[in-house]
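*Asks:* Pasting the sequence and the predicted coordinates here, then a few questions.
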Amino acid sequence: MDPLAEAVLTGAPPEQLAREPLPSEYTAVHLRAEDLDVFGGARDRDVRRTLRVGPVPMPELAVDEVLVAVMASSINYNTVWSATFEPVPTFNFLRKLGRQGGFAARHDLPQHVVGSDAAGVIVRTGAGVRRWGVGDHVVVSCVQVDDQEPATQADGMLGAEQRIWGFETNFGGLAHYAVVRASQLLPKPAHLTWEEAASLMLCAATSYRMLVSDRGARIKQGDVVLIWGATGGLGANAVQLVKNGGGIAVGVVSTEEKARRARKLGCDVVINRADIGLDGDLGDDPDASIEAGKRLGRIIRAETGEDPHVVFDYIGQATFAISVFVVRRGGTVVTCGSSTGYQHRFDNRYLWMHLKRIVGSHAANLQEQWECNRLFRLGHLVPVLSTVHPLAETAEAARLVQTNQHTGKVGVLCLAPRTGLGVTDQPMRDRIGEQKLNPLRDTGIPAQTGSAPPTPTTEPVITVPA
């Protein structure tokens, strides 16, 4: 391990961290441009074939950037998209960014360090960074914006140069170190562990903008909210936000085990897709979607007395026509993604004649992220982490997400040698309680303790559980 990483792990003071030399390279989960054609015509684009763990060069910092020693990260679906090179290879994003020249040229490399969540310790700051210093404990937002672009001043997500870090940029969070802009930083909730804190921002802030923000559905007390995939990273945070806002959470899940977990999260009504004939892909059959929507609507009305005010949909092609149909007259369907496909077919009569709204939502601006992070810092929201893997097993962890075998968030230890580290406010943690802080980690699957950071390897790491 390099001396700087050792200093971080021993809790060295800021002045010592600043003195330790930067390593010339560091261990990171990355993709290689040479693997772009590895899948050929394969139907199963297994991410374990392309996600590699090994050394990459340390980049230079721009004046508005910081270098974070990453203690933990987590898997998001954009890592699956990156590793399958679909819908487009992320190297296309890096080339486009690199053409801007200057510091942007650093991103156009034959390797792409991925990952859009991180929690860690600042070890270097650029000359233009004002509000953060070496030694600060931070969580990292996934959103990079151009603060000189006019639209950014109204809403950071409207800027044409807004990018998702670790997906549309290089130097992401699934690594021992990460390069981030100062405008991506938020204070780490002091009562959370590194792995808990690293599971928060992308999914939770995205859900916050979708449901709570003026730019989303603007839920209010008493709203019935239908949440597809209620135990996924997005859905599990959505359940909490609905309940905190006085709403009625109706969760749709795919198994009885996930139904149990959804109830523990606080879902008022839990519906298993298979029980009502929603276990297939109805995206190409609008008539079948309407029939499925009728069955779903009957159940929701029987349980709540009315149709949903809001539908929270990130599933896409398989569910979107049902969402448009089942939401009440004047209601809102809010979407942030399409994990089952981007081509949505629905009967438009149910949209225009019933005055419904479709709201597109993408990540969250810094103020929305700050407000969302505040709820975690106050203990009003809790992490939805389910399992934790060492960095060497990132490919296997991403495969769980790719095949929908996970619940909540799947964490990854980076520099942290084991779970449970990073808490600096133990009294608050004790007041909240371990069970409440970890509602999805009581299933008999032990959190992996990890070990010392893995020895770098240039080959894909594939670990198959016994």
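*Replies:* Yep, it's here. Residues are numbered from 1 along each chain as shown.

*Asks:* Tell me which stretches of the stretch 51-200 of the chain form strands.
*Replies:* In the stretch 51-200 of the chain, the segments counted as strands under DSSP state E, counting those that start in this stretch are 52-57, 65-74, 111-113, 118-125, 137-140, 143-144, 163-164, 177-181, 185-187.

*Asks:* again, but for the stretch 351-466 of the chain
*Replies:* Secondary structure of the stretch 351-466 of the chain (DSSP E, counting those that start in this stretch): strands at 357-360, 385-390, 409-413.

*Asks:* Low-confidence ranges, the stretch 301-450 of the chain, go.
*Replies:* Judged against pLDDT under 70, the low-scoring parts of the stretch 301-450 of the chain cover residues 442-450.

*Asks:* Which residue ranges of it form helices?
*Replies:* With DSSP state H, counting those that start in this stretch as the definition, the stretch 301-450 of the chain shows helices at residue ranges 320-326, 349-352, 366-377, 394-402, 426-432, 434-437.

*Asks:* so which of those helices gets nearest residue 66?
*Replies:* helix 366-377 (14.9 Å; Cβ to Cβ). From N, CA and C alone the C-beta is placed, and that goes for glycine too.

*Asks:* which of the strands of the stretch 351-466 of the chain sits most buried?
*Replies:* Greatest average neighbour count among the strands of the stretch 351-466 of the chain goes to strand 409-413 (a mean of 30), per mean count of other Cβ atoms under 10 Å.

*Asks:* Could you list every helix and strand in contact with that one?
*Replies:* Packed against strand 409-413 by the contact rule (3 or more Cβ pairs under 8 Å, 6 or more residues apart in numbering; DSSP states H and E) you find strand 65-74, helix 194-197, strand 385-390, helix 394-402.

*Asks:* which stretch among the ones you listed comes nearest residue 30?
*Replies:* helix 394-402 (10.1 Å).

*Asks:* So which elements touch the closest one?
*Replies:* Using 3+ Cβ pairs under 8 Å, 6+ apart as the contact criterion, the secondary-structure elements in contact with helix 394-402 are strand 52-57, helix 77-84, strand 385-390, strand 409-413.

*Asks:* who touches residue 270 in this structure?
*Replies:* Residues in contact with residue 270 (Cβ atoms under 8 Å, 6 or more residues apart in numbering) are 230, 250, 251, 252, 253, 259, 262, 263.

*Asks:* and residue 53, what are its bridge partners?
*Replies:* Going by DSSP bridges, residue 53 is paired in beta bridges with residue 29.

*Asks:* Give me the neighbour count for it.
*Replies:* Neighbours of residue 53 under the rule other Cβ atoms under 10 Å: 24.

*Asks:* Hmm, it is touching residue 392, no?
*Replies:* Yes. Using Cβ atoms under 8 Å, residue 53 is in contact with residue 392, at 5.6 Å.

*Asks:* Let me know the outermost residue of this protein.
*Replies:* Relative to the mean C-alpha coordinate of the chain, counting by Cα atoms, centre = their mean, the farthest residue is residue 353 (35.2 Å).

*Asks:* ok so, going back, for the helices of the stretch 301-450 of the chain, state which one has the densest average packing.
*Replies:* Compared across these, helix 320-326 shows the largest average neighbour count, a mean of 27 (mean count of other Cβ under 10 Å).

*Asks:* Can you list the neighbours in contact with that helix?
*Replies:* With Cβ under 8 Å, 6+ apart, helix 320-326 has contacts from 226, 228, 278, 282-283, 286, 289-290, 292-294, 296-297, 300, 307-308, 311, 313, 333, 335, 338, 344-347, 350-351, 356, 358.

*Asks:* what's near enough to touch the spatially closest residue to residue 105 that is not a sequence neighbour?
*Replies:* When the adjacent residues along the chain are set aside, residue 105 lies closest to residue 98, with 4.9 Å between them (Cβ to Cβ, 6 or more residues apart in numbering). With contacts defined as Cβ under 8 Å, 6+ apart, the neighbours of residue 98 are 104, 105, 106, 107, 108.
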